[in-house]
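# Structure for the following, please:
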Amino acid sequence: MASELSDAAWRALACPGCGGALVRSGAGAACGACSARYARSKSGALDLRLQQPKSVAHEFRLGVPLAVAPEEFRELPRNPSPQVDFGGRAAPYHLTPELLSHFPRAKATGELMLDLGCGSALHREVCEAAGFEYLGLDHDAAGASVLGDAHALPFKDASFAFVLSIAVLEHLRFPAVALREARRVMRPGAVFLGTVAFLEPFHADSYYHHTHLGLRSGLEEAGFAVDYVCPAAGWSGLLPLAQMGLFPRMPAVMVKSLLLPLQLLHRVWWALGRRFDPRATEALRVLSTSGAFSFVARTPGRDER
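Purely as a prediction, here's the structure:
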C-alpha cells in the first residue's frame, strides 16, 4: 500500500498534461490550470498518468561527434571518498558496493529524491539512509508513491537532488524524451545514477537495450555531465541470456554450472586472441560482453541553497 505524500512531495507535483500546479482535491488532486482531476489507484498511490495523448517536440543536433576514449568504459571504480557510510547495510543485489559508493547525501532534512521506475520500492531503505525523503514513481506498481509516465513526469522543474533509475530505460518507448524529463526535474548539481540493459534478452516489454556509446550519447544529449558509463561487473551477457532467456526459472546454481565451461573457454579464447591482436584487451572483453551498464551523471551547475 502506498504511503501518504508529504507536504514537500505535494509541493513538487505538477500536472503531467499541462505542467500546472496540483492541489489536494478530496482523496486525489486537481490542476488549477487545465482543471484535470486525478484520483487514487487501488494501491492508494496518486494516479498522475497521462489522461490523454500528449505531443512533445524533440530536437537532435547532428554533426557533433561523441568525444569519448575507449579507456573511459571500464568497470565502475569504488568512490574513495563516499558521501554516505552504509555501514554494512543490506542492499538489493543490483546495487553493488561500487554503485552505492557514488550515492549522494542529502544536504537538508526532507530533501526529495526520485526513484524512477521504483517497482516495489525496494530502494527506499538505502535512499532514506542517505538522508533523502523517498518518492517512488512507476507506471503500474503497488509500491509506487505516485503512478506516472517517465515521458511526462508529474513534477515541477528542479524538484529533486537525486534521481535513481535501475533497469528502467530499456523499458521506455522514447528514452530520449524520458532522459530530458529526468534532467528537467533535477536541480543544478543533482546526481543521476542507475543501470540499463545491454546483452539481456527481451523481457517485460523492453524496447531499447543500450550499448555504452548509446547510453553515453543519450545522457549527454539530454544535458547531463557524465562521470561514468561502465559495464556491470559480474553480469556477463552469457548469464542473463541463460537465466532470463534460455533457461528461465532454472535455479541459478544450475545455470552457472552449465555456463562454467563456456565461460572458461571464452576467457581462454580472448587471452589467446591478445597474442595476435593487442586491441583484444581484457577491458574490451568485459565491455563488449556485458549484460548491462551502470552510469553516474549529474546536472551542470551547483545548487546554491
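
# isn't Pro175 right next to Gly214, touching?
No. Look at Pro175 against Gly214 with Cβ atoms under 8 Å: they stay out of range, at 9.0 Å. Glycine gets a C-beta too; all of them are placed from N, C-alpha and C.

# Touching both of these two, which residues are there?
Each of Tyr208 lies in contact with both Pro175 and Gly214 under the rule Cβ atoms under 8 Å, 6 or more residues apart in numbering.

# of those two, who's got more company?
Pro175 (22 against 18; other Cβ atoms under 10 Å).

# Look up phi and psi at that one.
When read as degrees, to the nearest 10, the backbone of Pro175 gives phi -60, psi -30.

# contacting residues around it?
Contact analysis of Pro175 by Cβ under 8 Å, 6+ apart lists Leu169, Tyr207, Tyr208, His210, Gly218.

# Same check on Leu5?
Counting by Cβ under 8 Å, 6+ apart, Leu5 makes contact with Leu13, Leu46, Leu135, Ser145, Val146.

# for the closest residue to Leu147 other than its chain neighbours, phi and psi?
Nearest residue to Leu147 in three dimensions, chain neighbours excluded: Asp47, at 4.6 Å (Cβ to Cβ, 6 or more residues apart in numbering). Backbone torsions for Asp47, taken as degrees, to the nearest 10, come to phi -90, psi 100.

# Let me see the ranges of the strands in the stretch 51-200 of the chain.
For the stretch 51-200 of the chain, the strands defined by DSSP state E, counting those that start in this stretch cover 112-116, 133-138, 146-147, 160-166, 186-197.

# winner for burial among the ones you listed?
Across these, the average number of neighbours (mean count of other Cβ atoms under 10 Å) peaks for strand 112-116, which reaches a mean of 26.

# looking at the sheet around the nearest residue to Cys118 once chain neighbours are set aside, what are its partners?
Leaving aside its sequence neighbours, Cys118 sits nearest to Gly136 (Cβ to Cβ, 6+ apart; 3.1 Å). Beta-bridge partners for Gly136, by DSSP bridges, are Asp115.

# now Ala297
Here Ala297, judged by DSSP bridges, has bridge partners Phe192, Val226.

# so it makes contact with Glu221?
No. Counting by Cβ under 8 Å, Ala297 does not reach Glu221; the two are 11.8 Å apart.

# Give me the more crowded residue out of the two.
Ala297 (26 against 18).

# now the top helix by length along the chain: mean pLDDT?
Longest helix of the chain, by residue count under DSSP state H: helix 252-276. For helix 252-276, mean pLDDT is 95.

# and the next element down the chain from that helix?
helix 282-288 (DSSP states H and E).

# in that next one, what's buried?
Neighbour counts over helix 282-288 (16 or more other Cβ atoms under 10 Å) mark Leu284, Arg285, Val286, Leu287, Ser288 as buried.

# these two touch, right, Ala280 and Trp270?
Yes. If you go by Cβ under 8 Å, Ala280 and Trp270 touch, sitting 6.0 Å apart.

# shared neighbours, these two?
Common contact partners of Ala280 and Trp270 (Cβ under 8 Å, 6+ apart): none.

# returning to what we had before: doesn't Tyr38 make contact with the residue nearest to Leu147?
Yes. At 5.8 Å, Asp47 counts as touching Tyr38 under the criterion of Cβ under 8 Å.

# Now for the two: what residues contact both?
With Cβ under 8 Å, 6+ apart as the test, Asp47 and Tyr38 both reach Gly28.

# neighbour-wise, which of those two wins?
Tyr38 (23 against 19).

# Spatially nearest residue to that one (excluding sequence neighbours)?
Counting by Cβ to Cβ, 6+ apart, Ala29 is the residue found nearest to Tyr38 once chain neighbours are left out, at 4.6 Å.

# In terms of helices and strands, where is the one you found?
Applying DSSP H and E, one finds Ala29 within strand 28-31.

# circling back: got a list of what the residue nearest to Tyr38 touches?
Contact analysis of Ala29 by Cβ under 8 Å, 6+ apart lists Leu13, Leu22, Val23, Arg37, Tyr38, Leu46, Leu48.

# Across the sheet, point out what pairs with the residue nearest the centre of the chain.
By Cα atoms, centre = their mean, the chain has its centre lying nearest to Ser165, at 1.8 Å. Beta-bridge partners of Ser165, counted by DSSP bridges, are Gly194.

# my read: it touches Gly194, true?
Yes. Ser165 lies in contact with Gly194 (Cβ under 8 Å); the separation is 3.5 Å.
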